[in-house]
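Novice: Pasting the sequence and the predicted model now:
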Amino acid sequence: LLSFFPDLPPFFTIDYYLEARRALQDERWPSVSPLPGAIKLVRHLHKHGIPIALATGSQRRNFELKSSHLGELFDCFEGKVVCADDGLFPRGRGKPLPDIFLVAAEKFLQLNVGKGEIEEGQLTAEQQTIRGQGLVFEDGIPGVQAGKRAGMSGK
């Protein structure tokens, strides 16, 4: 980003930018709103006992800042949340790689989905069926790609 603005003052370094961005985000996270329909959908799934988990590329601290005022939505996950920095999959393997969805399915939904970037044909028929039942709702293209790579349906 900074390379597109070569005339910025010398104090405007990458570290300065990251600190300023974090301060602005921290100020705004506690007032974010869910996407339209998200609360209704998640509450419906929860009410009908459909297993759900949340897998976010956010850091845990940011997730907590973004979600703490939205208990109506996030309480439905009953703590079944995987964040990018939880140490449950190798660093640098975020979305669009499928790891976070596979970890969430194994850890919280007790689904034997298999781990990692498994090539077609290496999964058992049962694992393929289980992965195919997973439904991923995403707000970004990399997340949809990750869901599809995990063998789940992406929306």
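Specialist: Cool, the structure landed.

Novice: which residues touch the residue nearest to residue 103 when sequence neighbours are not counted?
Specialist: Of all residues not flanking residue 103 in the chain, residue 88 sits nearest, at 4.7 Å (C-beta to C-beta, 6 or more residues apart in numbering). Glycine gets a C-beta too; all of them are placed from N, C-alpha and C. Applying C-beta atoms under 8 Å, 6 or more residues apart in numbering to residue 88 gives the contacts 82, 103, 107.

Novice: number of nearby residues for the first one?
Specialist: To tie it back to what came earlier, the one meant is residue 82. When neighbours are defined as other C-beta atoms under 10 Å, residue 82 has 24 of them.

Novice: would you say it is within a strand?
Specialist: Yes: Residue 82 sits within a strand when classified using DSSP: H, G, I helix; E, B strand; the rest coil.

Novice: gap between residue 96 and residue 136?
Specialist: Separation of residue 96 from residue 136 (C-beta to C-beta, to the nearest Å): 12 Å.

Novice: And residue 143, by the same measure?
Specialist: Going from residue 143 to residue 136 by C-beta to C-beta gives 7 Å.
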